[in-house]
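>>> sequence first, then the predicted structure, then my questions.
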Amino acid sequence: MELQDFKAGQFVQQYQYKSFTPSKINLEWMWTDPKINTLLSEANKKLGELNAFSLYVPDIDFFIAMHVIKEATISSRIEGTRTGVDEALLSENEIDPEKRDDWQEVQNYIRALNYSIDKLIKLPLSTRLLKEAHGILLEGVRGESKMPGEYRTSQNWIGGASLKDAVFIPPHNNEIPDLMSDLENFVHNDKIDVPHLIRIAIAHYQFETIHPFLDGNGRLGRLMITLYLVYAGLLNKPTLYLSEFFEKHRTLYYDNLTFVRTSNNLVQWIKFFLVAVVETSDKGINTFREILKLKEKIEGESLLLLGKRIHKAKKLLGFLYKKPIVSVREVEKLLNVTTKPANAIIKDFINLGILKEITGYKRNRLFLFEDYYKLFADN
C-alpha cells in the first residue's frame, strides 16, 4: 500500500449518528516522499545514540525510574490530571486529599509501564498485554467503573458533550475485536518489510482511532509506543517517551491524527511522529550526558570527603537517583539506622550541596536532590 493512496476508512450510519470504521493496516507500506526517508534515517540514528546509554551507563535502571515518573505525569496531564513530577515522587499521605485522585492516576501509569516492561521479557507485545496494562491504569481511580482491562461494549466519542455534537466517533464496539486483531497482526507480521518506526507510527494512529476502551486510550496508546520500541529491540531499556513532545505540540498532535481520518493524510502524521522521535531522543541524550556529569562530580569529588561514611552515602545517592525527594524516615529505613545517624548523613549531603530542605518545617521535613531533579522537571 502506498502511503499517499491510503484511504483512512469510512463513516458508518448507526442509530442517530455515524461512527468511523478505519481501514485495516496489516499491509506492506511503501512511499515516494523522500522526506520520510531522511527523517527515518535521522530518527534511527538518534534512537541508536540514546540506546547506547543503556549499554554502558552503570545502574541505568536508577535513572530510568525518573524517566518513567516524568512520562507518567506528562502523559496523564495530556488527559487532564494536574499532578507534577514533584508530587508524583511523594507518598499518598503527603498529598493533599483533593489531589489524590490525580496522584493515583500517575502512580497507576508508573505501575502499568513497569509491569508491561517486565512482562515483555516473556510475552510478546499483544492485545492481552495491553488489556492487562489497561486494567492497572484504571484500578481504583475515576475510570474504575469503565471496564478496566476489557474492550468497550458501548459506543464512546471524542470531544463534545454527547454523540450528537462529538468531534470524532470511533468504530462501533462490535468492530473492535477484529480491528485490534488486525493491529496486533501488523505489529508482528514478519512477512512484510516495514521499518519499525513507520510500523509503530501507523499502529499508534490506528489504536487511537479504534479507541478500544471506554477510558485511558490516550495514555495506553502512548505507553504502547515505548513498549513496541523495547519489544522490537530498538531500545534495550525504556528510555524514550514521546508524551512531552506530544504535550508541547498538543494541537499538532491531535490535528495530525485527525487529518489522517478526514483527509487520508497518513504521510503528514508519520513525518510528525518521526520528528517527535528525533527531538525526544536528542533531549534524552542531553539529559543522560548531564546525569553522567553530575554523577561524576558527586561520586568522584563530593562523596570522597565523607571518609568512612562513603559506603552509606553511595547507597543513599543510589536511592536519590530513583527518587530525588527523601524524608528522614526513608533514610532510616534505607540505611537501617536510627534517627540521629540518618539526620547526620542528610546534613552531610546538605553541606555538600547535594540535598536541599524544601518544606521549611521542623518535623516531617523533605529534602530534594535539586540538581538532579531539575534535569527532569525543567527539561
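Arrived safely, thanks for sending.
>>> rest of the way, CA atoms for contacts and neighbours
OK.
>>> quick one: V187 and A201 touch, right?
No. Look at V187 against A201 with Cα atoms under 8 Å: they stay out of range, at 10.8 Å.
>>> ok, those two, which is more surrounded?
Between V187 and A201, counting by other Cα atoms under 10 Å, V187 is the more crowded of the two (21 against 18).
>>> that one in helix, strand or coil?
The three-state assignment at V187 reads helix, by DSSP: H, G, I helix; E, B strand; the rest coil.
>>> tell me the confidence at it?
According to the predicted model, the pLDDT of V187 comes to 97.
>>> likewise for the one 5 residues further on?
With respect to pLDDT, I192 scores 97.
>>> just the strands in the stretch 151-300 of the chain please.
Ranges of strands within the stretch 151-300 of the chain: none, based on DSSP state E, counting those that start in this stretch.
>>> what about it, any weak spots by pLDDT?
Within the stretch 151-300 of the chain, no stretch has pLDDT under 70.
>>> okay, how far is it across stretch 51-60, tip to tip?
This stretch, stretch 51-60, spans 11 Å end to end (Cα to Cα, to the nearest Å).
>>> buried ones in that stretch?
Using 16 or more other Cα atoms under 10 Å as the burial criterion, the residues of stretch 51-60 that qualify are N51, F53, S54, I60.
>>> out of the residues you listed, who's nearest Y205?
Within the set of these, N51 lies nearest Y205; the separation is 24.4 Å, counting by Cα to Cα.
>>> enumerate every residue touching that closest one.
Shown in contact with N51 (Cα atoms under 8 Å, 6 or more residues apart in numbering): L234, L235, N236, K237, T239.
>>> hang on, K146 packs against D215?
Yes. Counting by Cα under 8 Å, K146 touches D215, with 6.4 Å between them.
>>> look at those two and report which has more neighbours.
For K146 against D215, the residue with the higher neighbour count under other Cα under 10 Å is D215, and the figures read 22 against 16.
>>> would you confirm that that one contacts S145?
No. In this structure, D215 is not within contact of S145 by Cα under 8 Å, at 9.6 Å.
>>> just to revisit the earlier point, which of the contacts of N51 has the most neighbours?
T239 (25 neighbours).
>>> hey, where'd the helices end up in the stretch 201-350 of the chain?
Taking DSSP state H, counting those that start in this stretch as the criterion, the stretch 201-350 of the chain carries its helices at 217-231, 243-248, 250-263, 266-297, 310-322, 328-335, 339-351.
>>> among those helices, which is nearest R365?
Minimum separation from R365 across these (Cα to Cα) falls at helix 328-335, 7.3 Å.
>>> tell me the centre residue of this structure?
When Cα atoms, centre = their mean is applied to the chain, the residue found nearest the centroid is E71 (4.1 Å).
>>> next up, the contacts around that one.
Contact analysis of E71 by Cα under 8 Å, 6+ apart lists Y241, S243, E244.
>>> mind redoing it with 10 Å?
65, 77, 85, 106, 109-110, 113, 219, 222-223, 240-244, 376 (Cα atoms under 10 Å, 6 or more residues apart in numbering).
>>> same deal with K374?
P324.
>>> now the common contact residues for K146 and D215.
Any residue near both K146 and D215 by Cα under 10 Å, 6+ apart counts here, and that gives L138, R152.
>>> who touches stretch 247-264?
The set of residues external to stretch 247-264 that reach it, using Cα under 10 Å, 6+ apart, is 3-11, 20-23, 74-75, 77-79, 167-168, 204-206, 208-209, 243-246, 265-273, 276.
>>> brain fart, stretch 306-315
Contacting residues not belonging to stretch 306-315 are listed as 298-299, 302-304, 316-320, 331, 334-336, 342, 345-346, 348-349, 352 [Cα under 10 Å, 6+ apart].
>>> again, 7 Å this time
L303, L304, L335 (Cα atoms under 7 Å, 6 or more residues apart in numbering).
>>> JSON lines please, covering the residues you listed and showing distance to L27 and pLDDT.
Shown next, in JSON lines, are the contacts of stretch 306-315 (distance: Cα to Cα, whole Å; pLDDT from 0 to 100):
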{"residue": "L303", "distance to L27": "56", "pLDDT": "94"}
{"residue": "L304", "distance to L27": "59", "pLDDT": "92"}
{"residue": "L335", "distance to L27": "55", "pLDDT": "96"}
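>>> neighbour count and distance to N93 added to those, as a markdown table?
Supplementary listing: these in a markdown table, determined by neighbours: other Cα atoms under 10 Å; distance: Cα to Cα, whole Å:
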| residue | neighbour count | distance to N93 |
| --- | --- | --- |
| L303 | 20 | 32 |
| L304 | 13 | 36 |
| L335 | 14 | 22 |
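>>> so which of those is the closest to G140?
For G140, the nearest member of the contacts of stretch 306-315 is L335. The distance, counting by Cα to Cα, is 32.4 Å.
>>> just give the closest residue to that closest one, not the sequence neighbours.
Sequence neighbours aside, K312 is the residue nearest to L335 in space, at 6.7 Å (criterion: Cα to Cα, 6 or more residues apart in numbering).
>>> try K35
Computed as Cα to Cα, 6+ apart, the closest residue to K35 that is not its neighbour in sequence is K271, at 7.9 Å.
>>> how deep is the one you found tucked in, by neighbour count?
Using other Cα under 10 Å, the number of residues around K271 comes to 20.
>>> coming back round to it: so of the buried residues of stretch 51-60, which ones are in helices?
When the buried residues of stretch 51-60 are checked against helices using DSSP state H, the ones located there are N51, F53, S54, I60.
>>> V194: which of these is nearest?
Distance from V194 was checked for each of these by Cα to Cα. The minimum falls on N51, at 20.9 Å.
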